[in-house]
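Student: Sequence and predicted model, in that order:
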Amino acid sequence: MSLNVPLTVRVLTSRAARAITADLRDLWFRETAVGGFAAARLSLDRPLATEPDEIAYYGQVSINAGSTVIWEGDLEDPGRSASGDGQVWDLVAMGPAAQTRDRVVPLIYVDKTLSDLRRSDNITPGGTNSVTEDPGIGSGDALVLQLPSGLPLVTNSRVAVRYLRCTESGQKIARVDYAWDAGRTSASLKVELILRTAGGGSDVPRTQTFSTAGDVLAPKEIGTDWTSGRDIAEFRIIWVGGGVTVADDITWASIRDITVVATRYDKSGNELVTAAGYSANTVLASEVVADLLGRLLPGFDGANASIATTSYAITQLAYPDGVDAARVLEDLMRLEPGYRWAAGRRNPSTGKYSFIWTQWPTTVRYEADVTDGYGAPGSADGLYNAVTVRWKDSKGLIKATSRTSTVPVLTAASRTRTGFLDLGDNIGSLAEAQQAGDQWLADRQYPPNAGRLTIARPILDHVTGRMVQPYEIEPGYLIRVRGILPRIDALNATARDGVTVFRIWAKEYWASKAAAELELDSYPASTARALATLHQPPLRRR
Amino acid sequence: MTFTLDFVDGIASSPTVRLALMGGSSDWQVLVKETDWGMPELRRAVAGTLLVDGQQIPASAYGNRTMTLALNASHLAPDAAAAKFQTLCRELDRPANFLRLCADTTEVVFFRTLRSTPGSVVWDKFQQKATVRLLAEPFAYGLKETQSGVVVTNDPAAGANGCYLDITGIRGDVETPAQILLSGLNTGTFADIIIGTRRRGTPSSGAYFFQAEAMTAGVDTALAADATMSGAGNNLMATTFAGTATMTTRLSLTTNFPGSSGVDLRGTYRMYAVVKGNGGTYQVQWSILPVGGGAAAVQSEVFSVGSAGSNRSLIDLGKIQFPIGADPVYDGYSGAEKSVTGGYLVVAAARITGAVSLGWDTFILVPDDPARGDDWFSLSLYGLATDKDIVIDGPRDMVYPQNTAAVTLPTWYSPQWQGRIPRLTPNQTNRWIFLRPDKAGTDATYGDVKSRTTTVTVSYWPRYLFVRPVGS
């Protein structure tokens, strides 16, 4: 049966709600696996001399097929033209994914950075603070606070440094942990952690006398160990004895493995201000996603968002210079390649866009063939068997880590190709650099299965159990395409049967063609490996 | 019967004639043999490759038509002809106009024309002729037809017009958008209107309503009676959650859902359930098993059901297609449509809050298959005053209120609507599934009442490709 394309288009502004289906010159929209509804383009004839009631900045655009919302977004600044073709408004609407770039704020999740600790409360200027090799254990970096030889001391002489990133970002401190060592044992010298609020108020959750035995990690948490609202962490050594002059060079304390965890929001926008939300010196990607929803993305329906729990413990994630939600989500997917995010249809009750953080699927959803058209350009990126990863360590020093992999094609050609991966300044630990480097190499180990597939007829959807129209196909799922010999990759273990499984990366639909074009690729090996890990049964101790 | 052609001021039984083109000795004369009425071009999207023979036509739509009218004024004196020519130009210059045609037939049709110009003019001592290329909308229109109002109840078990109405005797050559007047609303409530249309095959052979009491009771579920629910006697299934409050099977079938096999089962629907929540909150999930049992062929997402107060209310259970899975539709090249079998419906539920029971009244399948022409439409009546009617205007693609004297109100009140305004197919029974759920959870005062009625009056302008036969 061949009917009109059964889509209807409506726009809603503060002045009017209009159906404009019959008025359109053309209609195009795009949806992507990461991000969801991306963009739409509509053009219609209206006088240029006035602004029609149904056209306004951030007016809502909805493209429906019956009861199903196929695409939704908000109008951007409309283009206008007057020519031999008439007076035409060219409307571009952006999907909700664009809102992830609306705000740039400094954000701290978990921070081990030592380079930004600032000398404070400097009543003993002769005391010293430095970030250097830990004199206690002879390796690794530590914050070293010292009262040097010859320094006269009075009661409460002290050396203090403060962690100020949370107060600068407007966040509270949720958890602080460190281990320490000292050069001498003395009941008159103390190593202390003080939690302060800018402008007044403090708690002392950890205070211990100097001991050459030092102490191990002993985390302190909001609610349990200090009043909610503290946003400055101060590390100090303090002399509580009487007047004396330091006679040697062993009056020091080294504070190492410092971890500061800032407070987060839940997905509904409630700040988590009890210890229950902070049980480790790390953060999960799923916890960060919830925080982004509650903190930065008011246009998304956080309360009803679906967030799959992740497992990789992130040890360093801090953006003191500012970041938007889009960039944070990008970094999270780099660390957790088995997951993606997407924003979609509005919740009619709240008017907010739906949001999911979900695993890439492992089962085929759609069945299709190449009858309506298929094209596959050659691979542009190429294969690599080595990578150099640039990152910054906790002292703020730039580091380079090399990783290698085995690529059969390059090995056979006796070639080494080395790529470069820059993690910037925000993901800074050796573990994360190795993880990111290995994922990057895994993605470039085999030539990818990729291409563009045209769908102009209904295809089978295994999830809903029905035949779906081209405009109903959802990116982010797997499609099995008959008629293409596959390359061996994560989704295609054999190449014998002329059937290839792809990931649908994006979908574009043109009303003028009544057809959808699917951008196809395959899972990078990093994603496949991550998915395989997620679906393995847990190891049991014997 | 005569052959008449004139520009008029509207589609009406006695419109004002602006310019007669076939009117008599003092008017233009259409040279019928040199006139081409022009048929609308059918625009098609074409998809295909050299991989298979033939090409797919995924969509098509009629374009405008161009009529070529050969007009003669040679029988008039030059000054009179000049005056007629001026009148012609003024009519052609209008942004939109109406051309009435009676082609020696009983019935007349009207073309909605667009701004045009005389294509060529011959003007000399002996003859004054003009050839007009007149652009017009694809279809010719008949006079407005209005059907008798139908009182639709909210009770699917009612003898007649229980949550549906049939519209028959539609005239015309092609489908036409409906103009629907909803009256007797008496709202001021939180009502929605949901319409799903089936206008192919034999709609009465389809299955749209399924009483829950016909299903097999599952865990903590048993027959019960409630006069507010549809049907009589034991007219609902009540799930108490006394033993198990978590998600488990509450209702099931070992007979075909929604009904006997047949071609009219085919299509995509949006499934709803009429329930009575008694103030609790719940989760509901359904599955369709293959006929004969086995693993679920399809399973829905989990739907959260908000607090429904002590009133019956409608919950949305998502889309479902019959047949489940791959559908060849036809038997090879024969054109014979293959019969469709449903499946065994299984409904699971969990209670999240409250210590109350969930009553199940009816499952309703509302056609929602735009690719097959089954239109789905939804409208919110929120905030509509009690003395107002609603017009769902398909020709204008607009919904607006009017007072009961048929005066259109200022559009400060903008009803929210979704989907597509229903269309009517000629020579075909058009069945509309018509639901009017009141949001009991929002305001318990206005509970969903099965006896509530809506008067639905359907009007339309029949559409033709050229001329129309008598009474059609």
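Tutor: Perfect, I can see it now.
Student: tell me which parts of the stretch 301-450 of chain A are close to chain B?
Tutor: A:Glu367, A:Val370, A:Thr371, A:Asp372, A:Gly373 (CB under 8 Å from any CB of the partner chain). Yep, even glycine has a C-beta here, placed from its N, CA and C like the rest.
Student: Before we go further, the fourth one is sitting in a strand, right?
Tutor: Looking back up the chat, that one is A:Asp372. No. Counting by DSSP: H, G, I helix; E, B strand; the rest coil, one finds A:Asp372 to be coil, located in no strand.
Student: so what pLDDT did B:Leu465 get?
Tutor: We have a pLDDT of 89 for B:Leu465.
Student: can you pull the contacts of it?
Tutor: B:Met39, B:Pro40, B:Pro138, B:Phe139, B:Ala140, B:Asp173, B:Val174 (CB atoms under 8 Å, 6 or more residues apart in numbering or on different chains).
Student: Sort out which of the residues you listed are buried, if you could.
Tutor: B:Pro40, B:Pro138, B:Phe139, B:Ala140, B:Asp173 (16 or more other CB atoms under 10 Å in any protein chain shown).
Student: Run a quick neighbour tally on B:Thr353.
Tutor: 11 (other CB atoms under 10 Å in any protein chain shown).
Student: Also the one 10 residues further on?
Tutor: A total of 25 residues lie near B:Phe363 under the criterion other CB under 10 Å.
Student: Check B:Arg372 too.
Tutor: 18.
Student: and which of the buried ones among the contacts of B:Leu465 is nearest A:Ala182?
Tutor: Distances from A:Ala182 to the buried ones among the contacts of B:Leu465, taken as CB to CB, are shortest for B:Pro138 (90.8 Å).
Student: Before we go further, that closest one is sitting in a strand, right?
Tutor: Yes. According to three-state DSSP, B:Pro138 belongs to a strand.
Student: Can you pull the phi and psi angles for the residue nearest the centre of chain A?
Tutor: Central residue of chain A (CA atoms, centre = their mean): A:Leu329, 2.5 Å from the mean position. Here is the backbone geometry of A:Leu329 (degrees, to the nearest 10): phi -60, psi -40.
Student: From what I see, it and A:Gln99 are in contact.
Tutor: No. A:Leu329 lies out of contact with A:Gln99 (CB atoms under 8 Å); the separation is 11.8 Å.
Student: now the helices for the stretch 251-400 of chain A?
Tutor: A:285-295, A:325-335 (DSSP state H, counting those that start in this stretch).
Student: actually chain A, not the one I typed
Tutor: Per DSSP state H, chain A carries helices over the ranges A:165-169, A:285-295, A:325-335, A:408-412, A:430-442, A:525-534.
Student: A:Ala22: which of those is closest?
Tutor: Here helix A:325-335 is closest among the helices of chain A (CB to CB), at 36.1 Å.
Student: Tell me how confident the model is about the closest one, as a mean pLDDT.
Tutor: 93.
Student: Next, the buried residues of it.
Tutor: A:Ala325, A:Ala326, A:Arg327, A:Val328, A:Leu329, A:Asp331, A:Leu332, A:Met333, A:Arg334, A:Leu335.
Student: What of stretch B:30-50?
Tutor: For stretch B:30-50, a neighbour-count test (16+ other CB under 10 Å) marks B:Val30, B:Thr35, B:Trp37, B:Gly38, B:Pro40, B:Ala45, B:Ala47, B:Gly48 as buried.
Student: and chain A, which of these reach it?
Tutor: B:Ala45, B:Ala47, B:Gly48.
Student: Filter those down to the ones in strands?
Tutor: B:Ala45, B:Ala47 (DSSP state E).
Student: The ones next to chain A among the buried residues of stretch B:30-50 into CSV, with extra columns for pLDDT?
Tutor: Putting these into CSV (pLDDT from 0 to 100) gives the following:
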residue, pLDDT
B:Ala45, 84
B:Ala47, 80
B:Gly48, 75
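Student: What is the nearest of the ones next to chain A among the buried residues of stretch B:30-50 to A:Glu221?
Tutor: Looking across those and measuring by CB to CB, the closest to A:Glu221 is B:Ala47, at 61.2 Å.
Student: which helices and strands does the helix or strand bottoming out on mean pLDDT in chain B pack with?
Tutor: When the helices and strands of chain B are compared on mean pLDDT, DSSP states H and E, strand B:117-123 comes out lowest with a mean of 76. If contacts are counted by 3 or more CB pairs under 8 Å, 6 or more residues apart in numbering or on different chains; DSSP states H and E, strand B:117-123 sits against helix B:78-93, strand B:128-141.
Student: Could I get the contacting residues of the closest residue in space to A:Ala386 that isn't next to it in sequence?
Tutor: Closest residue to A:Ala386 apart from its sequence neighbours, by CB to CB, 6 or more residues apart in numbering or on different chains: A:Thr418 at 4.1 Å. The contact partners of A:Thr418, taken as CB under 8 Å, 6+ apart, are A:Tyr384, A:Ala386, A:Val387, A:Thr388.
Student: Briefly note if stretch B:278-292 comes near chain A.
Tutor: Yes. Residues of stretch B:278-292 are located near chain A by CB under 8 Å from any CB, namely B:Ile288.
Student: could you give me the average pLDDT of that stretch?
Tutor: 88.
Student: who's in contact with the closest residue to A:Val273 other than its chain neighbours?
Tutor: For A:Val273, ignoring the flanking residues on the chain, the nearest one in space by CB to CB, 6+ apart is A:Ser228 at 4.1 Å. Neighbouring residues of A:Ser228 by CB under 8 Å, 6+ apart: A:Lys172, A:Ile222, A:Val273, A:Thr274.
Student: From A:Gly269, how far out is the first one?
Tutor: In other words, A:Lys172. 15 Å (CB to CB, to the nearest Å).
Student: Looking only at neighbour counts, state which of those two leads.
Tutor: Neighbour count, other CB under 10 Å: between A:Lys172 and A:Gly269, A:Lys172 has more, with 22 against 15.
Student: Let me see the contact set for that one.
Tutor: A:Cys166, A:Ile222, A:Ser228, A:Gly229, A:Arg230, A:Asp231, A:Ala262, A:Thr263, A:Glu271, A:Val273.
Student: Repeat that for A:Glu271.
Tutor: Counting by CB under 8 Å, 6+ apart, A:Glu271 has contacts A:Lys172, A:Thr263, A:Arg264, A:Tyr265, A:Gly294.
Student: so what's the nearest residue to the fourth one once chain neighbours are set aside up against?
Tutor: Once flanking residues are discounted, A:Tyr265 sits nearest to A:Gly294: 3.1 Å by CB to CB, 6+ apart. Under the criterion of CB under 8 Å, 6+ apart, the neighbours of A:Gly294 are A:Arg264, A:Tyr265, A:Asp266, A:Lys267, A:Ser268, A:Gly269, A:Asn270, A:Glu271, A:Gly302.
Student: Could you export those residues as TSV, including pLDDT?
Tutor: Below are the contacts of A:Gly294 laid out as TSV (pLDDT from 0 to 100):
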residue	pLDDT
A:Arg264	97
A:Tyr265	97
A:Asp266	96
A:Lys267	96
A:Ser268	95
A:Gly269	95
A:Asn270	96
A:Glu271	95
A:Gly302	95
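Student: out of these, which are buried?
Tutor: By 16+ other CB under 10 Å, these give A:Arg264, A:Tyr265, A:Asp266, A:Lys267, A:Glu271, A:Gly302 as buried.
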